[in-house]
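Asker: okay, predicted coordinates and the sequence, questions at the end:
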Amino acid sequence: MRETTTAFEQHGRIGTPLPVRSAPRVPVVALGMSLGTFFALTFVLCVLFDLWFPALAMNPIWAPLLPGFTWISWPSFFLGLVESFAYGWYIALIFGPLYNFFAMKSGTGTEP
């Protein structure tokens, strides 16, 4: 009588199961919060820079990028802050699902 068994006898199939490789996924909510916060903090730093160095102010560039933003009042500052945060979410809502879709279709990569 034999004491060893084959892989087929143990698992009902031949060979060793391979690990499943799944494509990496971007968590859209985490990306949205990260980008939104990053853009909002960058906006605040740019406003502070413009207040400290008015000769180097970038506020003329912001007019086409931030609709309704004028230099500078509290309502305009908060509007620019909200719009900056919204731009981060816009990028996350477009980029995250697109990346996840194409990563799933290509089937490349592994999760960390």
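Answerer: Arrived safely.

Asker: low-confidence stretches in this protein?
Answerer: Applying pLDDT under 70 to the chain flags the ranges 1-15, 17-21, 23, 107-112.

Asker: please repeat the previous calculation with a cut-off of 50.
Answerer: The model of the chain has pLDDT under 50 over residues 109-112.

Asker: need the strands for it, in chain order.
Answerer: Using DSSP state E, the chain contains no strands.

Asker: find the nearest non-adjacent residue to the residue most central in space within it, please.
Answerer: Central residue of the chain (Cα atoms, centre = their mean): residue 31, 3.0 Å from the mean position. Ranked by Cβ to Cβ, 6 or more residues apart in numbering and with sequence neighbours excluded, the top spatial neighbour of residue 31 is residue 92, at 4.1 Å. Just so you know, the C-beta spots here come from the backbone N, C-alpha and C atoms, and that holds for glycine as well.

Asker: from what I can see the one you found touches residue 36, true?
Answerer: Yes - Residue 92 lies in contact with residue 36 (Cβ atoms under 8 Å); the separation is 7.5 Å.
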